[in-house]
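>>> quick check, what structure comes out for this input:
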Amino acid sequence: AALIGAVNTAKASYKFFESAQTPLMVVWDVNQELRALGEYAYGIGFDTESAGYMMAEKLYEEGARSAAVLQIVDEWSLLIADSFTKRFEELGGIVTVTDSYSIDETNFRTFLLKAKNTDAIYAPLVAHLDVFFKQARELNYEGMLSTGDGMTEDIVLASAGAAEGV
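All right, here's what the predicted structure looks like:
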């Protein structure tokens, strides 16, 4: 038998699977914490930390030297945002603003006003991304906007043009 679940499920149950020498499969992502759980814990998704590193490299290559990071308070967002910040700063960039919001937040204006002078914003959000893009455009944010793997065609359509260039 095997369990297919998320990283939180794996963290809560990996000892049972290790002792039973039974595979524990995580379908959402792979990260360093999952890799450290044991020999029988596997992930089949993208590498969370690598996604953050790659976005930092992309923005830096595009000329961003200052960035703001908006994250939600959940494991995935915090992990990918931390990996972005680490890599961006290793490259020589500066993260001047970091803010955290709950997943149900829909007012990002305070963050956007704090981030208005940055070259880029990295916002790995899993909810209300379309609202975030609309508010950034309403407040005339002129830097580069970027996000994590939560960007979908539905978000692009719901943003009514505000996601253009992300």
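
>>> now Phe88: which helix or strand?
Phe88 is part of helix 75-90 when elements are defined by DSSP states H and E.

>>> for the helix or strand just after that helix, which strands pair with it and how are they oriented?
As assigned by DSSP H and E, the chain's next helix or strand after helix 75-90 is strand 94-101. Paired strands of strand 94-101, with direction, are strand 66-72 (parallel) (DSSP bridges).

>>> and the closest residue to Glu39 other than its chain neighbours, how far from Leu37?
Spatial nearest neighbour of Glu39, chain neighbours left out: Glu18 (6.8 Å); criterion: CB to CB, 6 or more residues apart in numbering. From N, CA and C alone the C-beta is placed, and that goes for glycine too. Here the criterion is CB to CB, to the nearest Å. By it, Glu18 lies 8 Å from Leu37.

>>> who has more neighbours, those two?
Leu37 (20 against 15; other CB atoms under 10 Å).

>>> surely the more buried one meets Ala12?
No. At 10.6 Å, Leu37 does not count as touching Ala12 under the criterion of CB atoms under 8 Å.

>>> what's the burial count for the nearest residue to Lys116 once chain neighbours are set aside?
Closest residue to Lys116 apart from its sequence neighbours, by CB to CB, 6+ apart: Tyr141 at 6.3 Å. A count of nearby residues for Tyr141, using other CB under 10 Å, gives 20.
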